[in-house]
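1. have a look; sequence and predicted model below, questions after that.
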Amino acid sequence: MHKDSKICMFLALIWIATVYAESVIVTSTQSNERKLKSAVFRSPAFVLGPGQVQNKIYLGIDFPKGHIALKGFDAEVVDEGGNSIPLHETYLHHWLVETLYHKMPLTEEQTKAQTRRLHSSNYIVAGNDGICQDDTLSQIFGLGSETRHTSTFIPDPYGIVVGDPKQIPEGYVEDWMLNVHAIDTRGVVNSLGCTECRCNLYNVTKDEYGRPLRENYIGGLNCCYEGTQCQLKEGFQGEIRTLYLKYTVYWMNLDESIVPVRTYILDVTDTGQRSDGSSSGQSHVGCQVEYDVAPCSAGSPPSECIYTREAHMAIPQGGDVIYAVAHQHTGGLGSVLYGQDGREICSSLPLYGQGSEPGNETGYIVGMSTCYPEPGSVKIYNETLKLQAKYSSEIRHTGVMNLFYLLIADSVHNVSVSSY
């Protein structure tokens, strides 16, 4: 039975567009039929002025078609000339790609009429393999500021299999959705505060649906939604820019040598509870996605200013760990996934920039280390896992995240890993 079709990942269901992205380059790395292929695309344009926020969902984006094995997805924000935009000018809060099924191609006018939610009669979210509630964190790929220096490549013989006609409900077709959340921080009074979505800087007291913010909510996604404005320095003026998400997809034609992987996304805010179908108290069920880090006591040494959060969870089906990586925000110190017996499954650490050029911006996480175990060397069994996250608490942080992407495959004998 398919999930219902609320595709609000990171709680951002907003303006929807079906303008198709522009294909730039298609290449391959081998001459035989089983070659690695890649294509470079651009999202539809989005426009940002100083302090402005965009958080759009694009449907019908350009994407490889057919029954294929995905091998990776890279992305970055660029301008009209294809130049990389630094994080200290446009902060990439996150990008996400997800599969969904829809009944029929919709016209641009029909889609624009659905400015808030996708109608369940038209759309079904395909999603990943779990483990959050409903369609929360159901993306296939997704990163944030770390995107330029975080590998998403899946080694041979593994791949994320998509486009299987047997999985597509009768009367529907498969399509791809892209969500881009970007914050322009040129000329703002507090760059970190804007990227952490501090509500006072956005002068926001209600969420994007007009609902009052919950008590003691001081920062997070509910305060930096589409169309909000972060406070600028008095008198600051800057140009309005047209930007794009440039993304590169890697894939291979599917054959019997491909070993499918299951995609799980773990969240350190997961309460472990799941909905019982009632309408009361559901805001505290399951993956909360974001949380705050309170500052440590004044005068405390940095070594004591570390906030640790943990959650316990199980995945539906274990196997060999093929790839793992964490997603954190500024202030993050790393994340570790442990097995039930305390063994370390994967440790993912942040890389902070040390300059001003794109990909090396001081004060920002510009990469996360990844885990690529030898096939069969790291396994997850029918067990309870522990996800641990650490953040610096020298100062307050709001709306931080600690997600953990995990690719799992069934054990296969005599597997050798190769890359390109």
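-> Perfect, thanks for sending it.

2. just the buried residues of stretch 341-358, please?
-> Buried residues in stretch 341-358, counted by 16 or more other CB atoms under 10 Å: 345-346, 348-350, 353, 358. Where C-beta positions appear, they are placed from N, C-alpha and C, glycine not excepted.

3. cool, stretch 405-413 as well?
-> 405-409.

4. how about residues contacting it?
-> Stretch 405-413 is contacted from outside by 154, 157-158, 160, 259-266, 315, 317-327, 337, 346, 375-376, 379-380, using CB atoms under 8 Å, 6 or more residues apart in numbering.

5. of those residues, just the buried ones, ChimeraX syntax please.
-> Command for ChimeraX that selects the buried part of those, burial taken from 16+ other CB under 10 Å:
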select :154,157,158,160,259,260,261,262,263,264,265,266,315,318,319,320,321,322,323,324,325,326,327,337,346,375,379,380
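
6. just the contacts of stretch 405-413: which are in strands?
-> Using DSSP state E, the members of the contacts of stretch 405-413 that fall in strands are 158, 160, 259-260, 262-266, 319-327, 337, 346, 379-380.

7. next up, the contacts around residue 291.
-> Going by CB under 8 Å, 6+ apart, residue 291 touches 268-269, 309, 399-401.

8. run the last query once more with 7 Å
-> The contact partners of residue 291, by CB atoms under 7 Å, 6 or more residues apart in numbering, come to 269, 309, 400.

9. can I get these in TSV including secondary structure?
-> Formatted as TSV, these follow (DSSP: H, G, I helix; E, B strand; the rest coil):
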residue	secondary structure
269	coil
309	strand
400	strand
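
10. which of the residues you listed count as buried?
-> By 16+ other CB under 10 Å, those give 269, 309, 400 as buried.

11. for residue 201, state which of the residues you listed is nearest.
-> Using CB to CB, residue 400 is the member of the buried ones among the contacts of residue 291 that lies nearest residue 201, at 16.1 Å.

12. can you give me the helices for the stretch 1-150 of the chain?
-> With helices called from DSSP state H, counting those that start in this stretch, the stretch 1-150 of the chain shows them at 108-112.

13. poorly predicted segments of it, please.
-> 1-34, 104-121 (pLDDT under 70).

14. so where do the strands sit in it?
-> 16-17, 22-28, 37-42, 46-48, 53-59, 68-79, 90-102, 123-125, 141-143 (DSSP state E, counting those that start in this stretch).

15. quick one on the thing from earlier: and of the buried ones among the contacts of residue 291, the nearest to residue 198?
-> Checking these against residue 198 by CB to CB gives residue 400 as the nearest, at 12.2 Å.

16. quick one: contacts for that closest one?
-> Contacts for residue 400 (CB under 7 Å, 6+ apart) come out as 290-291, 293, 329, 331, 391.

17. tell me which of those fall in helices.
-> Judged by DSSP state H, the contacts of residue 400 include no members of helices.

18. show me the residues you listed that map onto strands.
-> Those of the contacts of residue 400 lying in strands (DSSP E): 291, 293, 391.

19. how about these in TSV, adding distance to residue 193 and pLDDT?
-> Below are the ones in strands among the contacts of residue 400 laid out as TSV (distance: CB to CB, whole Å; pLDDT from 0 to 100):
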residue	distance to residue 193	pLDDT
291	17	97
293	14	98
391	16	98
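
20. rewinding a little: would you turn the contacts of residue 400 into JSON lines with distance to residue 227?
-> Shown next, in JSON lines, are these (distance: CB to CB, whole Å):
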{"residue": "290", "distance to residue 227": "20"}
{"residue": "291", "distance to residue 227": "25"}
{"residue": "293", "distance to residue 227": "27"}
{"residue": "329", "distance to residue 227": "22"}
{"residue": "331", "distance to residue 227": "27"}
{"residue": "391", "distance to residue 227": "29"}
